[in-house]
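K.L.:
I'd like to go over a predicted model; first the sequence, then the structure.
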Number of protein chains: 2
Amino acid sequence: MTGCLTIAGLGPGSSDHITPAVEQAIAVATDVVGYIRYVARIAPRDGLVLHPSDNRVEADRARHALDMAAAGRRVLVVSSGDPGVFAMAAAVYEVLETDPTRWQDVDITVLPGITAMLAAAARVGAPLGHDFCVINLSDNLKPWAMIEQRLRLALQADFAMAFYNPRSKSRPEGFRKTMQILKSFGEGNRPVIFARAVSTPDESIMIVPLAEAQPDMADMQTVVLVGSSQTRTLSHKGAVLAYTPRSVKG
Amino acid sequence: MTGCLTIAGLGPGSSDHITPAVEQAIAVATDVVGYIRYVARIAPRDGLVLHPSDNRVEADRARHALDMAAAGRRVLVVSSGDPGVFAMAAAVYEVLETDPTRWQDVDITVLPGITAMLAAAARVGAPLGHDFCVINLSDNLKPWAMIEQRLRLALQADFAMAFYNPRSKSRPEGFRKTMQILKSFGEGNRPVIFARAVSTPDESIMIVPLAEAQPDMADMQTVVLVGSSQTRTLSHKGAVLAYTPRSVKG
């Protein structure tokens, strides 16, 4: 009997942000596959096998999950946030295309989750309330020149921006260059939001004007939001908030 | 006693995609404020007052909600999808800024939801698995020229794109022009996804090559996703799927 593969988003951290659809998929899974930190969020129970793996092995993980599903298991692949945003859903389809007949009978379902940028935006107001773009700043899987060109075009388009994977120990330079490009555009007042581990006990959030933003304010657990030229900050009940108005005058 | 204002996202349609945080906010609200169609998703109960209003009155609605909260009510403002993406969160902060002292004691919380583009992407694979941008195609609140410039820059940047509010009865021309701009870029094969009323009984989803995409495939209930030059389609178990690979070769 062929099993099934569900690719689900666990949201930013708190179980308060996991959808019922995803909770149900967790409840019926026989196997959970994913990066160590995300599999650790699944409560162990009888009959459930956890398969944590390291990062940078997404293709192996996807193949393993597809093979188990083809062998009859009910496999759940977990990502944090949303599985379709820089996460496991694309990895599964990449692998599926390498050998479609091998997994032709596997039912595949993707269940959306609250992605980090939306959780971060909600915490600070509504910085993504107008047009925006979403860029993975890691150059592990694409040339740095492409990232830099996208940043410049996004500035020209006056998009607000959300950056995933802004900075890691092995990639300290990219985010420094990103900050330089943003600052060279000449608007030091637009707010930059560093949101780390939103909705977890380790949550920390900073809003600073671009001119004061420093590369070491971000790490791999941080999503960074950058306002457009229209994004405003305000103080409310002692907190700094940021929002991008819906309107732009003609 | 001052009350509180919660701005919550009801997700794309099905209650399977409403987070526990939002369900809890619904359970404790005394008043629910929002567009008629979204307030209609809240089950009536004793002690809960529903305040449905028409669209295009977002500022009035926000003011009403803030005033009720200042008067001691537990007010819930509902949006479909996520309240921070082209929805009520920005409208509330815009209004708040017009008279900050009037509402200075109101606790404001934003609760994220599954926004339409993520629900749509999950249904068809992983078209937003690489860098992308998100554009509201309505020119009610911004000049059309700005939309057109953003489209051209997004094409240059080779972003996948998500379009909200692509087309309405009063704005039939914008989406026709959008399709023309996309087609003039010369890549007729990139997939275009028309996803309507995702996760509701009225759900309909179409994936067509850009060359075959027609303006009347979209209406106000549709979110439109457009692949980048890298987005691929595949057939799996009789369905057409689309995904954007994580990697781009240097």
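P.N.:
Right, received. Where do you want to start? This one's a predicted model, so the numbers in the text were calculated from it and none came from an experiment.

K.L.:
what's the end-to-end length of stretch A:45-53?
P.N.:
Terminal residues of stretch A:45-53 lie 19 Å apart, using Cα to Cα, to the nearest Å.

K.L.:
and that stretch, average pLDDT?
P.N.:
The pLDDT scores in stretch A:45-53 average 97.

K.L.:
can you check stretch A:162-174 too?
P.N.:
Averaging pLDDT along stretch A:162-174 gives 94.

K.L.:
that one: which residues count as buried?
P.N.:
Buried positions in stretch A:162-174, judged by neighbour count with 16 or more other Cβ atoms under 10 Å in any protein chain shown: A:162-168, A:171, A:174. Every C-beta, even on glycine, is put in place using the N, C-alpha and C of the backbone.

K.L.:
per the record, what domains does chain A have?
P.N.:
Chain A breaks down into these domains under automatic domain parsing: A:4-114, A:117-243.

K.L.:
need those domains in TSV (columns: distance to B:H51).
P.N.:
What follows is the domains of chain A, written out as TSV (distance: least, Cβ to Cβ, whole Å):
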stretch	distance to B:H51
domain A:4-114	25
domain A:117-243	21
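
K.L.:
how about these in a markdown table, adding distance to chain B?
P.N.:
Below are these laid out as a markdown table (distance: least, Cβ to the nearest Cβ, whole Å):
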| stretch | distance to chain B |
| --- | --- |
| domain A:4-114 | 3 |
| domain A:117-243 | 3 |
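
K.L.:
of all those domains, which lies closest to B:T101?
P.N.:
For the domains of chain A, proximity to B:T101 was assessed by Cβ to Cβ; domain A:117-243 is nearest, at 11.0 Å.

K.L.:
of the buried residues of stretch A:162-174, which belong to helices?
P.N.:
Among the buried residues of stretch A:162-174, the members falling in helices are A:G174 (criterion: DSSP state H).

K.L.:
ok, the buried residues of stretch A:162-174 vs B:V240, which is closest?
P.N.:
Using Cβ to Cβ, A:Y164 comes nearest to B:V240 of those, at 27.5 Å.

K.L.:
quick one: the closest one and A:L225 touch, right?
P.N.:
No - counting by Cβ atoms under 8 Å, A:Y164 does not reach A:L225; the two are 10.7 Å apart.

K.L.:
okay, now the unreliable bits of chain A?
P.N.:
Counting by pLDDT under 70, chain A contains no low-confidence residues.

K.L.:
so for A:Y164 and A:L225, which residues contact both of them?
P.N.:
Counting by Cβ atoms under 8 Å, 6 or more residues apart in numbering or on different chains, the common neighbours of A:Y164 and A:L225 are A:M117.

K.L.:
which residues of chain A fall in helices?
P.N.:
Along chain A, counting by DSSP H, helices occupy A:20-28, A:36-39, A:58-70, A:88-98, A:116-124, A:144-157, A:172-184.

K.L.:
pull out the buried residues from the third one.
P.N.:
Burial within helix A:58-70, assessed by neighbour count using 16+ other Cβ under 10 Å, is assigned to A:58, A:61-70.

K.L.:
now those residues in CSV, with distance to A:S235?
P.N.:
Compiled in CSV, these are given as follows (distance: Cβ to Cβ, whole Å):
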residue, distance to A:S235
A:E58, 42
A:R61, 45
A:A62, 46
A:R63, 51
A:H64, 50
A:A65, 47
A:L66, 51
A:D67, 54
A:M68, 52
A:A69, 51
A:A70, 56
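
K.L.:
for B:S199, find the nearest of the domains of chain A.
P.N.:
Each of the domains of chain A has some distance to B:S199 by Cβ to Cβ; the shortest is domain A:4-114, at 8.7 Å.

K.L.:
how far does that closest one sit from the chain's center?
P.N.:
Its chain's C-alpha centre and that of domain A:4-114 lie 15 Å apart, by Cα atoms, centre = their mean, to the nearest Å.

K.L.:
equivalent analysis for stretch A:170-187, please.
P.N.:
20 Å.

K.L.:
for it, C-alpha coordinates in PDB please.
P.N.:
Extracted C-alpha coordinates of stretch A:170-187, given in PDB (Å, rounded to 0.1, in the frame of the first residue of the first chain):
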ATOM      1  CA  SER A 170      29.900  30.900   7.700                       C
ATOM      2  CA  ARG A 171      28.400  33.900   5.800                       C
ATOM      3  CA  PRO A 172      29.100  37.000   7.800                       C
ATOM      4  CA  GLU A 173      29.900  39.200   4.800                       C
ATOM      5  CA  GLY A 174      26.600  39.100   2.800                       C
ATOM      6  CA  PHE A 175      24.500  40.900   5.400                       C
ATOM      7  CA  ARG A 176      27.200  43.500   5.800                       C
ATOM      8  CA  LYS A 177      27.100  44.200   2.100                       C
ATOM      9  CA  THR A 178      23.300  44.200   2.200                       C
ATOM     10  CA  MET A 179      23.400  46.900   4.800                       C
ATOM     11  CA  GLN A 180      25.800  48.900   2.700                       C
ATOM     12  CA  ILE A 181      23.700  48.700  -0.400                       C
ATOM     13  CA  LEU A 182      20.600  49.800   1.600                       C
ATOM     14  CA  LYS A 183      22.500  52.700   3.300                       C
ATOM     15  CA  SER A 184      24.000  53.800   0.000                       C
ATOM     16  CA  PHE A 185      20.500  54.500  -1.300                       C
ATOM     17  CA  GLY A 186      20.500  57.500   1.000                       C
ATOM     18  CA  GLU A 187      17.400  57.100   3.200                       C
END
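
K.L.:
what's next to that stretch, contact-wise?
P.N.:
Applying Cβ under 8 Å, 6+ apart, the external contacts of stretch A:170-187 come out as A:137-140, A:144, A:147-148, A:151-152, A:155, A:163, A:166-167, A:192, A:210-211, A:213-215, A:218, A:226, A:229.
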